[in-house]
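S.K.: predicted model, plus sequence, below.
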Amino acid sequence: DVKVTQSSRYLVKRTGEKVFLECVQDMDHENMFWYRQDPGLGLRLIYFSYDVKMKEKGDIPEGYSVSREKKERFSLILESASTNQTSMYLCASSLTGLAGFHEQYFGPGTRLTVT
Amino acid sequence: DQQVKQNSPSLSVQEGRISILNCDYTNSMFDYFLWYKKYPAEGPTFLISISSIKDKNEDGRFTVFLNKSAKHLSLHIVPSQPGDSAVYFCAASYSGAGSYQLTFGKGTKLSVIP
């Protein structure tokens, strides 16, 4: 079974703090993704990475950065947290290849509250 | 511009009846479609998928139908069970080089009433 883990289930941070969200997958997947989920807006892609040290902007990258130093780990960084970044953050991973790259496997999510 | 649309934010169904969740897409490049199920405070889990070369895919109680000409797909759950109560997301992808992304709809909250 694919396992995607996220460092925290719940996190409370203050406005202006630098926030690190960590994600680790154990299935040697090439692709990793960060989404945020907000009520009525569905899942929106923040950043993704298709290889170590590679990153691509998703639909809403503003205010975020990412780091992928190792294949299994993908970090999301909020440089200066703001209240509008209060959300559920979801990490996912997938294989590359016709049979597998469509299906993404998600972690349990991190509920971030910025006060 | 929303490329994947789930126009019903919510749906209520009696236990034992059929649940039909709908999804429309606008991008004709999409050739692979997925349904995910999400419980509160958990990550989405993959449910079922369909390639554009097919018009139907079945897995137990879950069947996905694809109408390419109408750019429409639907998920049928028969019979519906209370444990099926969750938010269902439709997602689409295409097989071009570098196309690692899934485009998600906004979700439909299904409530199965005992």
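M.R.: Happy to help now that I have it.

S.K.: burial count for residue 104?
M.R.: Just so you know, I chose chain A. 31 (other Cβ atoms under 10 Å in any protein chain shown). Using the backbone N, CA and C atoms, a C-beta is placed for each residue, glycine as well.

S.K.: let me rephrase: I mean chain B.
M.R.: 24.

S.K.: what's the closest non-adjacent residue to it?
M.R.: residue A:43 (4.3 Å; Cβ to Cβ, 6 or more residues apart in numbering or on different chains).

S.K.: tell me the strands beside the helix or strand harbouring residue B:76, with direction?
M.R.: Element membership of residue B:76, judged by DSSP states H and E, is strand B:72-77. Strand B:72-77 has the following sheet partners, assigned by DSSP bridges: strand B:19-25 (antiparallel), strand B:62-67 (antiparallel).

S.K.: rounded to a whole number, what's the mean pLDDT of the first one?
M.R.: When pLDDT is averaged over strand B:19-25, the result is 98.

S.K.: residues touching that strand, excluding its own?
M.R.: Strand B:19-25 is touched from outside by B:3-8, B:11, B:13, B:33, B:35, B:70-78, B:80, B:84, B:88, B:90, B:92, B:105, B:108, B:110, B:112, with contacts defined as Cβ atoms under 8 Å, 6 or more residues apart in numbering or on different chains.

S.K.: can you give me the buried ones in it?
M.R.: Of the residues in strand B:19-25, B:19, B:20, B:21, B:22, B:23, B:24, B:25 count as buried by neighbour count, 16 or more other Cβ atoms under 10 Å in any protein chain shown.

S.K.: so where do the strands sit in chain B?
M.R.: Under the criterion DSSP state E, strands of chain B are mapped to B:4-5, B:10-14, B:19-25, B:32-38, B:45-51, B:56-59, B:62-67, B:72-77, B:86-93, B:103-104, B:108-113.
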